[in-house]
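Peer 1: with the input below, show me the fold.
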Amino acid sequence: MKFRILFIIAILSCVQIIAHPGGNMITAGKHVLWSYVSPIDDKEHHACVMIWSPDSKPEILLKSEFAASDFMFSTSGENIYIIEQRYIQNTDSFEIRILKTQISKKPSVVWEWFEDKWRIGDGGFFMNSDQEIIFGRYPKIYRLIKDQQPQEYFEFKSSIKKIRAIGPNQILLLGDNSCWLTDLNGKISKEWTNLIDPEIDDAPLNRNQIFDADYKNGELLLAYWGKRSFDVIEPNERRKTILQLKEPLVPHWVAFYGNKKLLFSSRLQFNGETPKPNLLLYKSDKEISSIWIE
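Peer 2: Next comes the predicted model:
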(Lines give C-alpha, C1' and ligand atoms only; values in the text may rest on other atoms or scores of the structure.)
Protein backbone atom coordinates (compact mmCIF):
# COMPACT_ATOMS: atom_id res chain seq x y z
CA MET A 1 0.00 0.00 0.00
CA LYS A 2 2.86 2.39 0.81
CA PHE A 3 4.33 1.78 -2.65
CA ARG A 4 1.03 2.59 -4.32
CA ILE A 5 0.71 5.79 -2.31
CA LEU A 6 4.28 6.85 -3.11
CA PHE A 7 3.72 6.07 -6.78
CA ILE A 8 0.54 8.15 -6.96
CA ILE A 9 2.12 11.03 -5.04
CA ALA A 10 4.95 11.04 -7.58
CA ILE A 11 2.43 11.11 -10.41
CA LEU A 12 0.54 14.04 -8.90
CA SER A 13 3.73 15.97 -8.20
CA CYS A 14 4.72 15.55 -11.85
CA VAL A 15 1.92 17.89 -12.81
CA GLN A 16 2.52 20.45 -10.11
CA ILE A 17 6.31 20.30 -9.98
CA ILE A 18 8.62 18.20 -12.11
CA ALA A 19 8.64 14.60 -10.98
CA HIS A 20 7.68 11.47 -12.81
CA PRO A 21 6.92 8.17 -11.13
CA GLY A 22 9.99 6.52 -9.76
CA GLY A 23 12.86 7.55 -12.03
CA ASN A 24 13.39 7.25 -15.78
CA MET A 25 14.64 5.05 -18.63
CA ILE A 26 17.82 5.44 -20.70
CA THR A 27 19.86 3.54 -23.27
CA ALA A 28 23.60 2.86 -23.06
CA GLY A 29 24.74 1.25 -26.29
CA LYS A 30 22.75 -1.95 -26.68
CA HIS A 31 21.71 -1.87 -23.01
CA VAL A 32 18.56 -0.36 -21.54
CA LEU A 33 18.34 0.80 -17.92
CA TRP A 34 15.26 1.81 -15.99
CA SER A 35 14.19 2.18 -12.37
CA TYR A 36 11.55 0.23 -10.51
CA VAL A 37 11.18 -1.44 -7.11
CA SER A 38 12.26 -4.89 -5.98
CA PRO A 39 10.34 -6.97 -5.37
CA ILE A 40 7.64 -5.48 -7.60
CA ASP A 41 5.07 -5.65 -4.80
CA ASP A 42 7.47 -4.21 -2.20
CA LYS A 43 5.42 -2.21 0.29
CA GLU A 44 8.48 -0.29 1.47
CA HIS A 45 9.52 0.88 -2.02
CA HIS A 46 13.15 -0.26 -2.21
CA ALA A 47 14.24 1.06 -5.59
CA CYS A 48 16.29 -0.95 -8.05
CA VAL A 49 18.07 -0.40 -11.35
CA MET A 50 16.93 -2.84 -14.03
CA ILE A 51 19.04 -3.63 -17.09
CA TRP A 52 18.27 -5.43 -20.35
CA SER A 53 19.94 -6.14 -23.66
CA PRO A 54 18.80 -8.26 -26.64
CA ASP A 55 20.96 -11.18 -25.54
CA SER A 56 19.69 -11.30 -21.95
CA LYS A 57 16.55 -11.08 -19.86
CA PRO A 58 15.77 -8.08 -17.62
CA GLU A 59 17.70 -8.32 -14.37
CA ILE A 60 18.54 -6.22 -11.35
CA LEU A 61 21.78 -4.28 -11.75
CA LEU A 62 21.63 -2.38 -8.47
CA LYS A 63 19.24 -2.28 -5.52
CA SER A 64 18.92 0.42 -2.89
CA GLU A 65 19.34 -0.49 0.76
CA PHE A 66 16.79 2.16 1.67
CA ALA A 67 13.01 2.23 1.79
CA ALA A 68 11.18 5.05 -0.03
CA SER A 69 14.05 5.31 -2.51
CA ASP A 70 14.39 5.99 -6.24
CA PHE A 71 17.01 6.00 -8.98
CA MET A 72 17.47 8.40 -11.90
CA PHE A 73 20.00 8.11 -14.74
CA SER A 74 21.83 9.95 -17.49
CA THR A 75 24.73 9.06 -19.76
CA SER A 76 27.86 10.88 -20.89
CA GLY A 77 29.82 8.90 -23.45
CA GLU A 78 30.38 5.47 -21.92
CA ASN A 79 29.75 6.79 -18.41
CA ILE A 80 26.42 6.25 -16.69
CA TYR A 81 25.53 8.62 -13.86
CA ILE A 82 23.02 7.39 -11.31
CA ILE A 83 21.25 9.51 -8.71
CA GLU A 84 20.09 7.49 -5.72
CA GLN A 85 17.38 9.28 -3.77
CA ARG A 86 16.07 8.38 -0.32
CA TYR A 87 13.36 9.83 1.87
CA ILE A 88 14.19 10.54 5.52
CA GLN A 89 10.94 10.14 7.41
CA ASN A 90 11.97 11.59 10.78
CA THR A 91 13.02 14.89 9.16
CA ASP A 92 10.54 14.79 6.25
CA SER A 93 13.38 15.43 3.83
CA PHE A 94 15.17 13.90 0.86
CA GLU A 95 18.81 13.00 0.42
CA ILE A 96 20.70 11.98 -2.70
CA ARG A 97 24.07 10.69 -3.73
CA ILE A 98 25.53 10.41 -7.23
CA LEU A 99 27.15 7.26 -8.57
CA LYS A 100 29.21 6.77 -11.72
CA THR A 101 29.61 3.53 -13.61
CA GLN A 102 29.97 1.83 -16.98
CA ILE A 103 28.41 -1.34 -18.30
CA SER A 104 29.93 -4.37 -16.51
CA LYS A 105 31.75 -2.17 -13.99
CA LYS A 106 31.07 -1.57 -10.31
CA PRO A 107 29.54 1.85 -9.51
CA SER A 108 31.67 4.36 -7.62
CA VAL A 109 30.42 7.25 -5.52
CA VAL A 110 31.24 10.69 -6.93
CA TRP A 111 28.96 12.71 -4.62
CA GLU A 112 28.31 11.44 -1.10
CA TRP A 113 24.89 11.69 0.53
CA PHE A 114 23.60 15.23 1.06
CA GLU A 115 20.24 16.83 1.79
CA ASP A 116 18.37 17.56 -1.43
CA LYS A 117 15.97 20.49 -1.13
CA TRP A 118 15.56 20.74 -4.92
CA ARG A 119 14.52 17.16 -5.81
CA ILE A 120 17.48 16.88 -8.16
CA GLY A 121 16.89 14.34 -10.91
CA ASP A 122 13.10 14.26 -10.70
CA GLY A 123 12.94 16.69 -13.61
CA GLY A 124 15.81 15.14 -15.52
CA PHE A 125 19.54 15.80 -15.29
CA PHE A 126 22.92 15.40 -16.94
CA MET A 127 26.49 15.80 -15.72
CA ASN A 128 28.89 18.29 -17.28
CA SER A 129 31.63 16.63 -15.22
CA ASP A 130 31.96 14.69 -11.98
CA GLN A 131 31.81 18.05 -10.21
CA GLU A 132 28.87 19.69 -12.02
CA ILE A 133 25.26 18.67 -12.58
CA ILE A 134 22.59 20.30 -14.73
CA PHE A 135 19.03 19.55 -13.62
CA GLY A 136 15.45 20.60 -14.23
CA ARG A 137 13.19 21.82 -11.47
CA TYR A 138 9.92 23.39 -12.51
CA PRO A 139 9.86 26.01 -13.92
CA LYS A 140 13.59 26.41 -14.63
CA ILE A 141 16.85 24.64 -15.42
CA TYR A 142 19.71 24.81 -12.93
CA ARG A 143 23.44 24.24 -12.60
CA LEU A 144 24.92 22.88 -9.38
CA ILE A 145 28.63 22.66 -8.67
CA LYS A 146 29.53 20.17 -5.96
CA ASP A 147 29.26 21.60 -2.42
CA GLN A 148 27.75 24.87 -3.70
CA GLN A 149 24.21 26.19 -4.23
CA PRO A 150 22.22 25.82 -7.47
CA GLN A 151 22.24 28.69 -9.96
CA GLU A 152 19.97 29.18 -12.96
CA TYR A 153 21.69 27.55 -15.95
CA PHE A 154 20.11 29.76 -18.60
CA GLU A 155 17.01 31.88 -18.91
CA PHE A 156 14.20 30.43 -20.99
CA LYS A 157 10.99 31.86 -22.38
CA SER A 158 8.66 29.22 -20.92
CA SER A 159 8.30 26.95 -17.91
CA ILE A 160 10.33 23.74 -18.01
CA LYS A 161 9.01 20.49 -16.51
CA LYS A 162 11.77 18.14 -17.55
CA ILE A 163 15.12 18.07 -19.34
CA ARG A 164 16.91 15.35 -21.29
CA ALA A 165 20.41 15.44 -22.77
CA ILE A 166 20.43 14.65 -26.50
CA GLY A 167 24.03 13.75 -27.26
CA PRO A 168 26.81 15.96 -25.90
CA ASN A 169 25.61 19.31 -27.25
CA GLN A 170 21.80 19.44 -27.16
CA ILE A 171 19.04 19.43 -24.56
CA LEU A 172 15.40 18.45 -24.98
CA LEU A 173 13.17 20.62 -22.81
CA LEU A 174 9.64 19.48 -22.00
CA GLY A 175 7.16 22.15 -20.99
CA ASP A 176 3.50 22.14 -20.05
CA ASN A 177 2.27 21.97 -23.65
CA SER A 178 5.41 22.33 -25.76
CA CYS A 179 8.82 20.82 -26.31
CA TRP A 180 12.07 22.44 -27.47
CA LEU A 181 15.41 21.19 -28.74
CA THR A 182 18.15 23.62 -27.70
CA ASP A 183 21.90 23.93 -27.52
CA LEU A 184 23.68 24.10 -24.17
CA ASN A 185 22.97 27.84 -23.97
CA GLY A 186 19.24 27.49 -24.48
CA LYS A 187 19.17 28.56 -28.14
CA ILE A 188 16.19 26.84 -29.78
CA SER A 189 16.77 24.79 -32.93
CA LYS A 190 13.42 22.97 -32.98
CA GLU A 191 10.06 23.63 -31.35
CA TRP A 192 6.87 21.59 -31.03
CA THR A 193 3.74 23.27 -29.71
CA ASN A 194 0.18 22.29 -28.83
CA LEU A 195 1.18 18.81 -27.67
CA ILE A 196 -1.90 18.43 -25.46
CA ASP A 197 -5.33 17.69 -26.89
CA PRO A 198 -7.70 19.97 -24.94
CA GLU A 199 -10.65 17.77 -25.86
CA ILE A 200 -9.43 14.88 -23.67
CA ASP A 201 -11.95 14.52 -20.84
CA ASP A 202 -11.08 11.12 -19.39
CA ALA A 203 -7.37 11.46 -18.58
CA PRO A 204 -6.09 9.18 -15.78
CA LEU A 205 -6.31 11.02 -12.46
CA ASN A 206 -7.68 13.92 -14.52
CA ARG A 207 -4.12 14.78 -15.57
CA ASN A 208 -3.98 15.62 -19.28
CA GLN A 209 -0.23 15.88 -19.77
CA ILE A 210 2.87 14.63 -21.56
CA PHE A 211 4.91 12.50 -19.17
CA ASP A 212 8.13 11.94 -21.10
CA ALA A 213 9.79 12.75 -24.43
CA ASP A 214 12.82 11.75 -26.47
CA TYR A 215 14.29 13.03 -29.75
CA LYS A 216 16.28 11.46 -32.59
CA ASN A 217 16.86 12.36 -36.25
CA GLY A 218 14.01 14.85 -36.43
CA GLU A 219 11.46 12.67 -34.62
CA LEU A 220 9.89 13.50 -31.27
CA LEU A 221 8.67 10.52 -29.25
CA LEU A 222 6.06 11.17 -26.56
CA ALA A 223 4.52 9.33 -23.63
CA TYR A 224 1.10 11.01 -23.52
CA TRP A 225 -0.36 10.21 -20.11
CA GLY A 226 -3.63 12.05 -20.68
CA LYS A 227 -4.48 10.08 -23.82
CA ARG A 228 -2.95 6.77 -22.64
CA SER A 229 -0.88 6.73 -25.81
CA PHE A 230 2.61 6.77 -27.26
CA ASP A 231 2.88 9.32 -30.06
CA VAL A 232 5.48 10.31 -32.64
CA ILE A 233 5.87 13.66 -34.37
CA GLU A 234 7.77 13.06 -37.60
CA PRO A 235 10.25 15.47 -39.25
CA ASN A 236 7.45 16.67 -41.56
CA GLU A 237 5.48 17.56 -38.37
CA ARG A 238 2.91 14.84 -38.98
CA ARG A 239 1.81 13.40 -35.66
CA LYS A 240 0.60 9.86 -35.18
CA THR A 241 -0.21 7.50 -32.33
CA ILE A 242 1.99 4.42 -32.58
CA LEU A 243 0.41 2.61 -29.63
CA GLN A 244 -2.92 3.27 -27.96
CA LEU A 245 -3.17 1.81 -24.47
CA LYS A 246 -6.31 0.77 -22.66
CA GLU A 247 -7.20 1.13 -19.01
CA PRO A 248 -5.52 0.36 -16.60
CA LEU A 249 -2.28 0.92 -18.57
CA VAL A 250 -0.71 4.38 -18.36
CA PRO A 251 2.42 5.51 -20.27
CA HIS A 252 5.49 6.72 -18.39
CA TRP A 253 8.78 6.67 -20.29
CA VAL A 254 10.09 6.56 -23.84
CA ALA A 255 13.50 6.18 -25.46
CA PHE A 256 14.85 5.66 -28.96
CA TYR A 257 16.75 2.40 -29.39
CA GLY A 258 18.50 2.24 -32.74
CA ASN A 259 15.70 2.23 -35.32
CA LYS A 260 13.24 1.04 -32.67
CA LYS A 261 11.42 2.68 -29.81
CA LEU A 262 11.17 1.70 -26.15
CA LEU A 263 7.72 2.23 -24.65
CA PHE A 264 7.27 1.83 -20.89
CA SER A 265 3.88 1.80 -19.21
CA SER A 266 2.42 0.41 -16.00
CA ARG A 267 -0.87 -1.12 -15.00
CA LEU A 268 -2.15 1.34 -12.44
CA GLN A 269 -5.31 0.44 -10.55
CA PHE A 270 -6.90 1.73 -7.37
CA ASN A 271 -7.88 -1.53 -5.71
CA GLY A 272 -4.86 -1.90 -3.46
CA GLU A 273 -2.61 -3.54 -6.06
CA THR A 274 0.85 -2.18 -6.71
CA PRO A 275 1.59 -0.94 -10.26
CA LYS A 276 2.90 -3.58 -12.66
CA PRO A 277 5.45 -2.89 -15.45
CA ASN A 278 4.83 -3.18 -19.18
CA LEU A 279 7.95 -2.51 -21.30
CA LEU A 280 7.66 -2.96 -25.06
CA LEU A 281 10.04 -2.65 -28.01
CA TYR A 282 8.34 -1.06 -31.02
CA LYS A 283 9.67 -1.43 -34.57
CA SER A 284 6.43 -1.02 -36.51
CA ASP A 285 2.70 -1.38 -36.00
CA LYS A 286 3.06 -5.04 -36.91
CA GLU A 287 6.26 -5.69 -34.97
CA ILE A 288 6.01 -5.01 -31.24
CA SER A 289 7.84 -7.29 -28.81
CA SER A 290 7.68 -7.61 -25.04
CA ILE A 291 10.74 -6.96 -22.89
CA TRP A 292 9.31 -6.94 -19.36
CA ILE A 293 5.71 -7.59 -18.41
CA GLU A 294 4.61 -8.67 -14.95
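Peer 1: when you work out contacts or count neighbours from here on, use the C-alpha atoms and nothing else.
Peer 2: Fine.
Peer 1: quick one: the strands in the stretch 51-200 of the chain?
Peer 2: In the stretch 51-200 of the chain, the strands defined using DSSP state E, counting those that start in this stretch lie at 59-63, 69-76, 79-88, 93-101, 108-115, 125-129, 132-137, 140-145, 151-152, 162-166, 170-174, 179-183, 188-192.
Peer 1: in TSV: those, plus mean neighbour count and distance to Asn236.
Peer 2: Below are the strands of the stretch 51-200 of the chain laid out as TSV (neighbours: other CA atoms under 10 Å; distance: least, CA to CA, whole Å):
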stretch	mean neighbour count	distance to Asn236
strand 59-63	16	38
strand 69-76	24	29
strand 79-88	22	33
strand 93-101	19	38
strand 108-115	14	42
strand 125-129	19	29
strand 132-137	23	29
strand 140-145	20	29
strand 151-152	13	34
strand 162-166	25	20
strand 170-174	23	18
strand 179-183	21	16
strand 188-192	13	12
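Peer 1: please convert these to CSV, extending it with distance to Met25 and mean pLDDT.
Peer 2: Output for those, formatted as CSV (distance: least, CA to CA, whole Å; pLDDT from 0 to 100):
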stretch, distance to Met25, mean pLDDT
strand 59-63, 14, 97
strand 69-76, 7, 97
strand 79-88, 11, 98
strand 93-101, 16, 98
strand 108-115, 20, 98
strand 125-129, 12, 98
strand 132-137, 16, 99
strand 140-145, 20, 99
strand 151-152, 25, 98
strand 162-166, 11, 98
strand 170-174, 15, 99
strand 179-183, 18, 99
strand 188-192, 22, 99
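Peer 1: how about those in TSV, adding distance to Ile242?
Peer 2: As requested, the strands of the stretch 51-200 of the chain are exported to TSV (distance: least, CA to CA, whole Å):
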stretch	distance to Ile242
strand 59-63	27
strand 69-76	26
strand 79-88	29
strand 93-101	34
strand 108-115	39
strand 125-129	27
strand 132-137	28
strand 140-145	30
strand 151-152	36
strand 162-166	22
strand 170-174	20
strand 179-183	19
strand 188-192	18
